[in-house]
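**Q** sequence first, then the predicted structure:
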Amino acid sequence: MAHSLSPECTPLKLEYDSCFNAWFEGYLEPAVAAASSSAPAREAYSQRKAAEFNEKCGRVWETYRQCVQKAVNEKGLDTLLQQARDENPLTVPPPPPSDHPA
């Protein structure tokens with residue numbers, strides 16, 4: 001696993017990565033099976049899994065996110081990020097790639 005932006009954040013990153021990977025293993029297989037379910041069933045499954053993620057990993061994610069944000073600010077990267085957002089705003093998601101080239 002890679003290190004975080006700041007050495008102080010790396011232990012939190014490793015903890016979050018471990019939590020996310022454990023959660024994702026339990027998410028993926030049932031999600032594939034749920035893909036053939038009705039839209040309400042898929043929505044209910046997604047909501048249950050989101051709540052489970054927040055319960056299991058939400059605290060460490062938020063702590064890690066705050067640590068990285070602090071490092072971004074301390075390194076002066078927040079200005080560069082804002083400049084990039086101003087120059088190339090992502091107001092609309094890009095369209096999915098087509099199977100047939102134009």
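**A** That came through, no problem.
**Q** quick one: pLDDT of the closest residue in space to Cys67 that isn't next to it in sequence?
**A** Nearest non-adjacent residue to Cys67, counting by Cβ to Cβ, 6 or more residues apart in numbering: Cys9, 4.0 Å away. Placement of C-beta: from N, CA and C, glycine included. Looking at Cys9, its pLDDT reads 96.
**Q** repeat that for Pro96.
**A** Pro96 carries a pLDDT value of 82.
**Q** how many neighbours does it have?
**A** Residues contacting Pro96 under the criterion other Cβ atoms under 10 Å number 6.
**Q** assign a three-state SS to it, would you?
**A** coil (DSSP: H, G, I helix; E, B strand; the rest coil).
**Q** ok, now which ones touch it?
**A** Counting by Cβ atoms under 8 Å, 6 or more residues apart in numbering, Pro96 touches no other residue.
**Q** thinking again about what came up before, pretty sure the residue nearest to Cys67 is touching Val72, no?
**A** No. Look at Cys9 against Val72 with Cβ atoms under 8 Å: they stay out of range, at 10.2 Å.
**Q** would you mark the buried spots in the longest helix belonging to the chain?
**A** The residue-count maximum for a helix in the chain (DSSP state H) belongs to helix 39-74. If you call a residue buried by 16 or more other Cβ atoms under 10 Å, then helix 39-74 has these buried ones: 45, 49, 53, 57, 60-61, 64, 67-68, 71-72.
**Q** redo those residues as CSV? Include pLDDT and distance to Phe24.
**A** CSV is the format used below for the buried residues of helix 39-74 (pLDDT from 0 to 100; distance: Cβ to Cβ, whole Å):
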residue, pLDDT, distance to Phe24
Tyr45, 86, 14
Lys49, 90, 10
Phe53, 95, 9
Cys57, 97, 10
Val60, 97, 14
Trp61, 97, 13
Tyr64, 97, 16
Cys67, 97, 22
Val68, 96, 20
Ala71, 96, 25
Val72, 95, 25
